[in-house]
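S.K.: when you get a sec, could you give me coordinates for this:
(one chain, ligands or ions: 1)
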Amino acid sequence: MMNKVILTGGGSAGHVTVNLALIPKFREAGWQVEYIGSENGIEKQLIEPLGDVRYYGIATGKLRRYLDWQNVKDPFKVVKGAFQAYRLIRKRKPDVVFSKGGFVSVPVVLGAWLNRVPVIIHESDLTPGLANRIAIPFAKAVCTTFPETEQHLDKGKARYVGAVVREELAHGRADKGRMICGFTKHKPVLLIMGGSLGARKINETVKAALSRLTERFQVVHLCGKGQVDPAIKHHSYKPFEYLNEELPDVLAMADIVLSRAGSNSIFEFLSLKKPMLLVPLTKEQSRGDQILNAQSFEKSGFCEVLYEENMTPLSLAESLEKLYANRETYIRNMEGQRRQDALEQLFELITETAAAGGK
Ligand SMILES: CC(=O)N[C@H]1[C@@H](OP(=O)(O)OP(=O)(O)OC[C@H]2O[C@@H](n3ccc(=O)[nH]c3=O)[C@H](O)[C@@H]2O)O[C@H](CO)[C@@H](O)[C@@H]1O
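M.R.: Next up, the predicted model:
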């Protein structure tokens, strides 16, 4: 009989792209792959078009850091989602569940545990997020991107595998990227990525600095959903809400990158050796995980960090010009990095866990 895996994870693309990297591996090995995500999240938009991965939507809630009417309704949604996930897993009988985190993954992990289906979790950030912290007691193992994460986990559960990067990102073509953006070969390219949902503060500062930035660079800007400003028209500026299959070509064309410090993004830039200026999400807006991600990269000499509280149109433009001037140093530091085959290791662990069953 065919092996079956149920994948889960969502809320933002950072909780889906690891699953996207794994799917071709399962396909090659002849596994049946199914996905449990939210009814309307970005995971649905990214997974359903694949065609061969059956998608099930369940109710989800989110634990917010601010007061909101939804905070009253959400616990009920989480309970409903847990029942839905439990019933789905009992019916679909997967050999193993793999969770990339995000709030939708909590009821799925619980549902798997109640059905005695083994669970493997992946944590992209240096410290585990709230959803994973709730889910970890129900998992067999937690795969980590950073070796330091082990200190924050139960003994015996952590497996350091490194960053899982989609293989297709390595096959982009710069000439195709230039065609997509209408750019020339004769001016350097700055790629701006505010995380998978965009970053309003970065977008506003870029807008204010745009005339200086476009003097020096051709700028391709991934703004996030609903955040493209149609009023900005310039031959050296190309905004998009989100890029999917075009992303490898656009990345291949970029000389330097300005980005939030989401774990998946920064490891993708590292694997492609793109010098980066990182503006981590602040402690007020998050648990501070991006600050740790950025500091870890800074220590290794892969990036410059500009803290949001110090970011002005002037400091942003100057930092980017400096990054471009010193780009060879960053590239050399990134070339010295030993590459782990994280995808292969993760796939093997999932396969072994499935073979061992609920033991
Ligand atoms: C606001 C928030 O909660 N951010 C978290 C979220 O970020 P976020 O969802 O932004 O996650 P990442 O930066 O880790 O990953 C974004 C992913 O989206 C892809 N992408 C992005 C833009 C685009 O146009 N096309 C595209 O494919 C990137 O290539 C990358 O694979 O999850 C990360 C991983 O747990 C955390 O480190 C971040 O702190």
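S.K.: tell me how many other residues crowd W113.
M.R.: Taking other CB atoms under 10 Å as the criterion, the count of residues near W113 is 20. For the C-beta atoms, the positions are set from N, CA and C on the backbone; glycine is no exception.
S.K.: got the domain boundaries for this protein?
M.R.: Split into domains by automatic domain parsing, the chain comes to 4-162+340-356, 171-335.
S.K.: what mean pLDDT does the last one have?
M.R.: The one in question is domain 171-335. In this model, domain 171-335 has a mean pLDDT of 95.
S.K.: same check, this time on the longest one
M.R.: The average pLDDT for domain 4-162+340-356 rounds to 92.
S.K.: so how far does that domain reach from one end to the other?
M.R.: The stretch domain 4-162+340-356 measures 14 Å between its terminal residues, going by CA to CA, to the nearest Å.
S.K.: so what does the longest helix along the chain touch, helix or strand wise?
M.R.: Using DSSP state H, we find that the single longest helix of the chain is helix 70-92. Packing partners of helix 70-92 (3 or more CB pairs under 8 Å, 6 or more residues apart in numbering; DSSP states H and E): strand 4-8, strand 32-38, strand 54-58, helix 105-114.
S.K.: outside of the third one itself, list whatever touches it.
M.R.: Put plainly, it is strand 54-58. By CB atoms under 8 Å, 6 or more residues apart in numbering, the surrounding residues in contact with strand 54-58 are 33-40, 44, 47-48, 80-81, 84-85, 88, 104, 107-108.
S.K.: parallel or antiparallel, list what pairs with it.
M.R.: strand 32-38 (parallel) (DSSP bridges).
S.K.: among the contacts of strand 54-58, which ones are buried?
M.R.: For the contacts of strand 54-58, a burial check counting by 16 or more other CB atoms under 10 Å picks out 33-38, 44, 47, 81, 84-85, 88, 104, 107-108.
S.K.: from memory L272 sits against R166, does it?
M.R.: No - with contact defined as CB atoms under 8 Å, L272 does not count as touching R166 (11.3 Å).
S.K.: between the helices and strands packed on helix 70-92, which gets nearest to L349?
M.R.: strand 4-8 (12.1 Å; CB to CB).
S.K.: between the closest one and strand 32-38, how many degrees?
M.R.: 20 degrees (axes from the mean of the first three to the mean of the last three CA atoms, to 10 degrees).
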